[in-house]
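[1] coordinates for the following, if possible.
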Amino acid sequence: YSEWSTPIISNCTYVANLAGGGIYCNFSSPQIENSIFASNTGPGAIYCETPDSPTLSCCDIYDNSQDWWGCIAGQEGINGNFSADPQFCGIAGTGNFRLQSDSPCAPGNHPSGDPCGLIGAFPVGCGTVSVEQKTWGAIKATYQE
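    Purely as a prediction, here's the structure:
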């Protein structure tokens, strides 16, 4: 929440926030850089009450109730901003927001090749997480004696 200010917000991770979304601006123009906004509800990633003008650079805004809209509309695809699954190490609800080694938010993995460095608050904490498809019968057989 920023009001009557011009803060610099850097290397933050906003995930699954409810009513207020990620950031709420009121009479402010924050500079937001190298941050992730994922799966926030309410008004979405960033909500501006007044004609504020946040400036984003190297931010990943993905899967919010509203992504690139309102006061941040038109910033996707410029200044290193993008929308892609950040690929966290932990499963939903675990609070593990470290990045997989192939995450687009990890240094050197930017989808457009921009030199953004680390995007978000947490560094790489695991390798790629593979998913193996199995039939329901195979899963049940694993737990039967």
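
[2] for Ser65, give me its contacts.
    Taking CB atoms under 8 Å, 6 or more residues apart in numbering as the contact definition, Ser65 lies against 21, 40-44. No exception for glycine: its C-beta is placed from N, CA and C like everyone else's.

[3] Serialize those residues to a markdown table and add fields for neighbour count and secondary structure.
    Converted to a markdown table, those look like this (neighbours: other CB atoms under 10 Å; DSSP: H, G, I helix; E, B strand; the rest coil):
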| residue | neighbour count | secondary structure |
| --- | --- | --- |
| Gly21 | 20 | coil |
| Asn40 | 27 | coil |
| Thr41 | 14 | coil |
| Gly42 | 16 | coil |
| Pro43 | 20 | coil |
| Gly44 | 21 | coil |
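
[4] among those residues, which one sits closest to Ile119?
    Nearest to Ile119 among the contacts of Ser65 is Asn40, at 16.0 Å by CB to CB.

[5] tell me the contacts of the residue nearest to Phe82 when sequence neighbours are not counted?
    Spatial nearest neighbour of Phe82, excluding adjacent residues (CB to CB, 6 or more residues apart in numbering): Pro111 at 5.2 Å. The contact partners of Pro111, taken as CB under 8 Å, 6+ apart, are 82, 84, 104.

[6] appreciated, that's everything.
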